[in-house]
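K.L.:
below are the sequence and a predicted model; questions follow.
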Amino acid sequence: MIESVLTRRNVSLRVKVTVKMLISLGVVALAVVLPQLVHLAAGAQGGVAWLPMYLPVLLGGCLLGWQWGLGVGVLSPVVSFAVTSLAGNAMPAAARLPYMMAELAVFAAVSGLFSKKIAENGWMAFPAVLLAQVAGRLTFLALAAVFQGVSPLSAAAVWSQIRAGLLGMVLQAVVVPFLVMVLRLLLVKESK
């Protein structure tokens, strides 16, 4: 969506890259801070139920497109792990990190595939987010099933986590598209 807005404004490639980089940094920062706030307010179970890192990543995919979204999806859990490890409480846990990197990369890439359509019609954010959520969660489940012999995460444990996070997923399936639609209205209005 951002690409479409910047193209309409006829900005240079350098400006496009700078804007996307700044938005990406903001999304990654939000993906680090939001889980911390949820964990402070609701404890560790709040993270499992509300899935706070997913919201900024889905938002980033819708706004930035699949390529930049993919980067945001991979970097968000890595940066969170690095920053929170310094504080002595790594989030996500080391065993969960590769799974979360793959899952969030799929979230952002799939939602990002809809970015141009969202620029044309904000309502496209709804299928973008829903398909991204399903694809990401299936990726997590499939990876756990494939690697359960060598990983502490089993497919059954992952399925339990998926069920525990359903309310958070439903909430994000509504909130993220509305945020995208509001941002789209503001950006399209400004570019006219």
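P.N.:
In hand now; what should we look at?

K.L.:
buried residues in stretch 147-166?
P.N.:
Using 16 or more other Cβ atoms under 10 Å as the test for burial, stretch 147-166 gives Ser151, Leu153, Ala155, Val158, Gln161, Gly165. Just so you know, the C-beta spots here come from the backbone N, C-alpha and C atoms, and that holds for glycine as well.

K.L.:
with stretch 5-15 instead?
P.N.:
Buried, per 16+ other Cβ under 10 Å, within stretch 5-15: Val5, Leu6.

K.L.:
spatially central, which residue of the protein would that be?
P.N.:
Val57 (1.7 Å; Cα atoms, centre = their mean).

K.L.:
which single one of the buried residues of stretch 147-166 is nearest to Val72?
P.N.:
Using Cβ to Cβ, Gly165 comes nearest to Val72 of the buried residues of stretch 147-166, at 19.8 Å.

K.L.:
among the buried residues of stretch 147-166, which lie within helices?
P.N.:
Ala155, Val158, Gln161 (DSSP state H).

K.L.:
so who does the first one touch?
P.N.:
To tie it back to what came earlier, the one meant is Ala155. Contacts for Ala155 (Cβ atoms under 8 Å, 6 or more residues apart in numbering) come out as Leu141, Ala144, Ala145, Gln148.

K.L.:
name the nearest residue to Leu171, ignoring sequence neighbours.
P.N.:
Trp50 (7.4 Å; Cβ to Cβ, 6 or more residues apart in numbering).

K.L.:
could you list the low-confidence segments of this structure?
P.N.:
190-192 (pLDDT under 70).

K.L.:
longest helix anywhere in it?
P.N.:
helix 13-50.

K.L.:
which helices and strands sit right next to the helix or strand following that one?
P.N.:
Toward the C-terminal end, the helix or strand that comes next after helix 13-50 (DSSP states H and E) is helix 54-64. Secondary-structure packing of helix 54-64 (3 or more Cβ pairs under 8 Å, 6 or more residues apart in numbering; DSSP states H and E): helix 2-8, helix 13-50, helix 66-86, helix 97-112, helix 115-120, helix 125-147, helix 166-191.

K.L.:
let me know the closest of the contacts of Ala155 to Pro127.
P.N.:
Leu141 (20.9 Å).
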